[in-house]
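Enquirer: The sequence isn't on hand, but the structure is:
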């Protein structure tokens, strides 16, 4: 086991603060504590065994205790700010005990995260002021958790679907039809549709739509491309179709999302 993971579990009743890039280098793993991670610079993904959560700037990931995961990035990440919460700090009936997700970082929460930049390691009840500060942060997190970012991309270990999903990601700027993709990979459209429903529990069209929106979110945050350019590069034939699909999922227009997160 990596020394970092040993240190996190050393005292199950303490908080643990660790600001580093280390999550990027870790394979699938879990913790005895809940984990809050905030990525400074870059765009990252939280990967579990069957889902991939996109989280942009000004959002944090919440990983419940015991959930296998790792964090990856497609861009250079400056630092990941990790705060681990003792399992008992979260009320037993709260969904954060078992439900992970991506949540917005309010100005207050961001200030609290940055207040801990020089902290490292365990924070127990004997560290009175620091412990009380992190308990206050916990209450802010519970409030913020009412508004998760509704973007989760299913993944699968199915050997037939894996190269198909990769193909979709690599050709997201093109027209993607189930019969065309099925033919490309030696399947019938009906069989491919069933594979999607059985293995990732959404339809082919839903998967393509989610992938287009996630790609557009990356481009909105990482480039200076116009919304029109992003729409076409993500496979939309019109700006209105893109804006409608984006608002349906994110509940903001592309311009609003960019303005709030950049």
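Expert: Cool, got the structure. Quick caveat, the model's predicted, so the values are computed rather than measured.

Enquirer: Which elements pack onto the longest helix anywhere in the chain?
Expert: What stands out as the longest helix in the chain, according to DSSP state H, is helix 204-222. Counting contacts by 3 or more C-beta pairs under 8 Å, 6 or more residues apart in numbering; DSSP states H and E, helix 204-222 packs against strand 51-55, strand 152-154, helix 161-170, helix 178-184, helix 189-199, helix 227-233, helix 239-250, helix 254-261. Heads up, the C-betas are built off the backbone N, CA and C, glycines and all.

Enquirer: Return the residues in contact with residue 91.
Expert: By C-beta atoms under 8 Å, 6 or more residues apart in numbering, the residues touching residue 91 are 97, 142.

Enquirer: repeat that for 6 Å
Expert: Residues near residue 91 by C-beta atoms under 6 Å, 6 or more residues apart in numbering: none.

Enquirer: quick one, phi psi at it?
Expert: phi -50, psi 140 (degrees, to the nearest 10).

Enquirer: Can you tell me how far it is from residue 78?
Expert: According to C-beta to C-beta, to the nearest Å, residue 91 and residue 78 sit 33 Å apart.

Enquirer: Residue 55 now?
Expert: For residue 55, the distance to residue 78 - C-beta to C-beta - is 15 Å.

Enquirer: what does residue 168 give?
Expert: To residue 78, residue 168 is 30 Å away according to C-beta to C-beta.

Enquirer: Kindly report the same for residue 138.
Expert: 25 Å.

Enquirer: Please say which of these two ends up with more neighbours.
Expert: Neighbours per residue, other C-beta atoms under 10 Å: of residue 138 and residue 78, the larger number sits with residue 138, 19 against 10.

Enquirer: Would you mind confirming that the more buried one is in contact with residue 90?
Expert: No. The pair residue 138 and residue 90 does not pass the contact test of C-beta atoms under 6 Å, sitting 7.2 Å apart.

Enquirer: Which residue ranges of the stretch 1-150 of the chain form helices?
Expert: Taking DSSP state H, counting those that start in this stretch as the test, the helices found in the stretch 1-150 of the chain are 3-9, 107-115, 128-144.

Enquirer: Dig out what the residue nearest to residue 117 when sequence neighbours are not counted forms beta bridges with.
Expert: Among residues not flanking residue 117 along the chain, residue 19 sits closest, at 6.1 Å (C-beta to C-beta, 6 or more residues apart in numbering). Counting by DSSP bridges, residue 19 forms beta bridges with residue 81.
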